[in-house]
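S.K.: just the structure for this:
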Amino acid sequence: MKTLKMLLIVGIVSFAFYSFTTIVQDKWVVPAEYVNMKNPIDPSTDTAIGKSLYSQHCKSCHGKEGYGDGPKAKDQKGDLGDFSSSDFQAQTDGELFYKTSFGRDDMPEYTKKMPDDEDRWLIVNFMRTLAE
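M.R.: Just a heads-up that it's a prediction; the model follows:
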């Protein structure tokens, strides 16, 4: 009886640990050359184009205001982030450019969909306008 109880406890603890580790997302590590990369596009340049590109490529998951509440958000496994949050806005433009460009997990890579770096920089500039 003791063995059965012990196996049951070990099983429950193992399941809980496995569930927790699959829910918690790994930290998204951005290579140093991107962290320190400077945005070559002035933030006041072509804000309408950045908004249009965001609407076309990002809004369906990240939502109109960047809260991570777009119509496709419920189908995603990872945390879509809140672009208005201070944690998100504390990232460098280079970090946002890297994440927007190369993606990971449910976030697609956009270097093929948007091969022009300038378009992705314009989206970074638009995401900055979503700060609260």
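S.K.: ends of stretch 73-92, what's the gap?
M.R.: One end of stretch 73-92 sits 24 Å from the other (CA to CA, to the nearest Å).
S.K.: buried residues in it?
M.R.: Buried residues in stretch 73-92, defined by neighbour count with 16 or more other CB atoms under 10 Å: Leu80, Gly81, Asp82, Phe83, Ser84, Phe88, Gln91, Thr92. (Each C-beta comes from the backbone N, C-alpha and C, glycine too.)
S.K.: from these, which land in helices?
M.R.: Phe88 (DSSP state H).
S.K.: give me the nearest residue to Gly66, chain neighbours excluded.
M.R.: Leaving aside its sequence neighbours, Gly66 sits nearest to Phe83 (CB to CB, 6 or more residues apart in numbering; 2.9 Å).
S.K.: and that neighbour, what is it in contact with?
M.R.: His62, Glu65, Gly66, Tyr67, Gly68, Gln89, Met127, Leu130, Ala131 (CB atoms under 8 Å, 6 or more residues apart in numbering).
S.K.: make CSV from these and add pLDDT, secondary structure and distance to Gly103 to it.
M.R.: Output for the contacts of Phe83, formatted as CSV (pLDDT from 0 to 100; DSSP: H, G, I helix; E, B strand; the rest coil; distance: CB to CB, whole Å):
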residue, pLDDT, secondary structure, distance to Gly103
His62, 96, helix, 12
Glu65, 96, coil, 21
Gly66, 96, coil, 16
Tyr67, 95, coil, 19
Gly68, 93, coil, 15
Gln89, 96, helix, 20
Met127, 97, helix, 15
Leu130, 95, coil, 19
Ala131, 91, coil, 22
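S.K.: pull out the buried residues from the residues you listed.
M.R.: Among the contacts of Phe83, those buried by neighbour count (16+ other CB under 10 Å) are His62, Gly66, Tyr67, Gly68, Met127, Leu130.
S.K.: centroid residue for this structure?
M.R.: Taking CA atoms, centre = their mean, the centroid of the chain lies closest to Leu80, which sits 5.1 Å from it.
S.K.: show the pLDDT at it.
M.R.: Listed pLDDT for Leu80 reads 89.
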